[in-house]
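Asker: Fold the following, please.
(2 chains)
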Amino acid sequence: MSESTVRIEEIKPPSSDVGMIGWVRHHLFNGVFNSIATIVIFGFLIKIIPDFIQWAFIDSVWFTSGKECHAAQGACWSVITQNIRFNIFGYYPFEEQWRPLVAMIILISMLVYSRDWNRWNKMLGYAWALSLFIMGVLMKGGLFGLVPVESTKWSGLPLTLLLSFFGILMSYPLGVVLALGRQSRMPVIKAFSVVYIEIIRGVPLITLLFMSSVMFPLFLPEGVTIDKVLRAQVAIILFTAAYIAEVVRGGLQAMDKGQYEAAESLGLNYFQMMRLIILPQALKIVIPPTVGILISAFKDTSLVVIIALYDILNTTKSILTDPEWTGFSTEAYIFIAMIYYICCFSMSQYSRRIEKQLEYKHTPTQGP
Amino acid sequence: MTTEQTSEQPSTGNSKPIIEIIGMHKWYDDFHVLKDINLEVQPQERIVVCGPSGSGKSTMIRCINRLEEHQRGQIIVNGTELTRDLKNIERVRTEVGMVFQHFNLFPHLTILENLTVGPIWVRKTPKKEAEELAMHYLEIVRIPEQAQKYPGQVSGGQQQRVAIARSLCMKPKIMLFDEPTSALDPEMIKEVLDVMVDLAREGMTMIVVTHEMGFAKTVADRVIFMDFGEIVEENEPNAFFDNPQHERTKLFLSQIL
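Answerer: Model (predicted):
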């Protein structure tokens, strides 16, 4: 053997298989179809992107009146900057708008802080109770010298967040209970759950909202009124819970019967078995579809427009009906889309994080 | 609790049987799976149940801790009759340990947590004490070093030993084994059987559904042969294997030995 012979361990994979070139070959140009698709898509992007940049950034105006906007070539971001307070806070009294702002900041900070469940303890529970109370007082007023604000004036982003937050928070446990109810051996509970789920899933959310707003008050005795926002909130919770229930039922059915039997044979009662053994596994299986439902519940809160509540989508629409700003719907909706996107994307990222954390080892490892 | 006595009295000893099954029948819809089962088990007795698949042997022992419901007859475990009464069922289950063919460990809990969940939630044992108890039984089944792992990380034989330890942590008076070695690779069967033999020597009352005839010969006080939902024959192991009385027993033994 000559000295130039390399030892086997030192042989590297061919340069065409690794690094940048390898990646491009494997991911963009493996096969005729993929190569064509790559070229077509790149061509499309090259045509689109410069125009978009020109429109959105180079020719755009940012802090002008509507008149100047109509004269400008590019995007009119002024529609957002000039109307930002109405867009976000809607009809909430102008001088008091710091209150929903602070409430939202508290809510988001609490959510961000609570994202890691190692931090979940009694203190955090009290902190949440206190925060919810403070947020309530801030929104509603009437205490500590704050001017009372009718809930009919609550609008914009705070309303969207309120409806989504409580919608998700309450519908999830309710959905789990309904799923368990549907599996129950007790006929009454089972029948109730089935009927509830099937009826709610059989009607669109709009119908429920409409009923809660128009029909429901007809059944109340005279003089009794229930807050409109609350009614919408309840409709959203009831609606979402039915969908959650079916997804959770799927998770329960995916469970091995042996898990129930092992839990029972240890003497665990029904609630212990569900809480300790079955639900932790079943709910984990259905995280992806559950998050799908919660995300669509978040987006569906925009349907409250049908009962004349002004969520953030509806305040945007109101702005666009102003003659000064008509015609700039693209810009306004891009802004709203971004807000929705940030929220939805955070939810889906968070769910993936939870899935990772809950992953337990399946593969045998070597030795102790 | 008083129960109707059958004409047959226990043939061995004068102690009170810990399990009594009297004229028990079970149907799956129209299918008659268990037909007139009568069985008495004395404390510390080791019984091996064998028979062809579908003979109802698993169903029978699953009735003893009410994983299956019987429709006629009586099952009395340690003085408690199994009825629809949930209290009774839960009481019996805390006294009867069960080991399954497919282990049925809880995959989302560590091995230690698998062992402590019963004591902590059913027996209300403090966590620390429950963990000490768990470690004690993990030593008995010879895998204390695996305590912090998840079930999916250990071999089948080890999983089954964890499952045995999990049942033992409830300090049961009776252990039921439902084909504990059937799902194991051959080289792992012995480690599980060894643990079961130890358990038998300690004086545990055991009912074991198994095809391990070697185990039956060394450990069992009595072997029961079931076929078509009936107890066809029961005898001491030597007599059972050397001199089976029934045609069906002979046929079965000729097939498996």
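Asker: Alongside chain A, which residues does the stretch 151-257 of chain B contribute?
Answerer: On the criterion Cβ under 8 Å from any Cβ of the partner chain, chain A has as its neighbours in the stretch 151-257 of chain B the residues B:G152, B:Q153, B:V154, B:S155, B:A163, B:R166, B:S167, B:M170. Placement of C-beta: from N, CA and C, glycine included.
Asker: Confirm for me that the fourth one is in contact with B:E187.
Answerer: No. At 9.5 Å, B:S155 does not count as touching B:E187 under the criterion of Cβ atoms under 8 Å.
Asker: Compare those two and say which is more crowded by neighbours.
Answerer: Neighbours around B:S155 and B:E187, counted as other Cβ atoms under 10 Å in any protein chain shown, are more numerous at B:S155. The numbers are 16 against 10.
Asker: For that one, report the pLDDT, please.
Answerer: Among the per-residue scores, B:S155 holds a pLDDT of 91.
Asker: What of A:G367?
Answerer: What the model reports as pLDDT for A:G367 is 39.
Asker: Equivalent analysis for A:Y360, please.
Answerer: A:Y360 is assigned a predicted lDDT (pLDDT) of 66.
Asker: Look at the closest residue in space to A:G90 that isn't next to it in sequence and say how many residues are nearby.
Answerer: Counting by Cβ to Cβ, 6 or more residues apart in numbering or on different chains, A:G90 lies nearest to A:S155, which is 2.7 Å off, once chain neighbours are set aside. Counted with other Cβ under 10 Å, residues neighbouring A:S155 total 25.
Asker: what's the answer for A:A242, then?
Answerer: Using other Cβ under 10 Å as the criterion, A:A242 is surrounded by 22 other residues.
Asker: all strands of chain B, in order?
Answerer: Using DSSP state E, the strands of chain B run over B:19-28, B:31-41, B:46-50, B:72-77, B:80-81, B:96-99, B:174-178, B:205-209, B:222-227, B:230-235.
Asker: Name every strand pairing with the fourth one and say which way it goes.
Answerer: What it means is strand B:72-77. Using DSSP bridges, strand B:72-77 pairs in its sheet with strand B:19-28 (antiparallel), strand B:80-81 (antiparallel).
Asker: between it and strand B:174-178, how many degrees?
Answerer: Between the axis of strand B:72-77 and that of strand B:174-178 there is an angle of 120 degrees, by axes from the mean of the first three to the mean of the last three Cα atoms, to 10 degrees.
Asker: still on that earlier bit, could I get the strands paired with strand B:72-77 in CSV, plus columns for mean neighbour count?
Answerer: What follows is those, written out as CSV (neighbours: other Cβ atoms under 10 Å in any protein chain shown):
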stretch, mean neighbour count
strand B:19-28, 18
strand B:80-81, 16
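Asker: Where among those is average confidence lowest?
Answerer: In terms of average pLDDT, strand B:80-81 trails the rest of the strands paired with strand B:72-77, at a mean of 88.
Asker: What is the neighbour count of the closest residue to B:G203 other than its chain neighbours?
Answerer: Setting aside the residues directly before and after it, B:G203 is nearest to B:Q44 in space (Cβ to Cβ, 6+ apart), at 4.8 Å. Close neighbours of B:Q44, defined as other Cβ under 10 Å, add up to 15.
Asker: repeat for A:I336
Answerer: Other residues near A:I336 come to 19 when the count uses other Cβ under 10 Å.
Asker: Quick check: which element contains it?
Answerer: Using DSSP states H and E, the element containing A:I336 is helix A:329-358.
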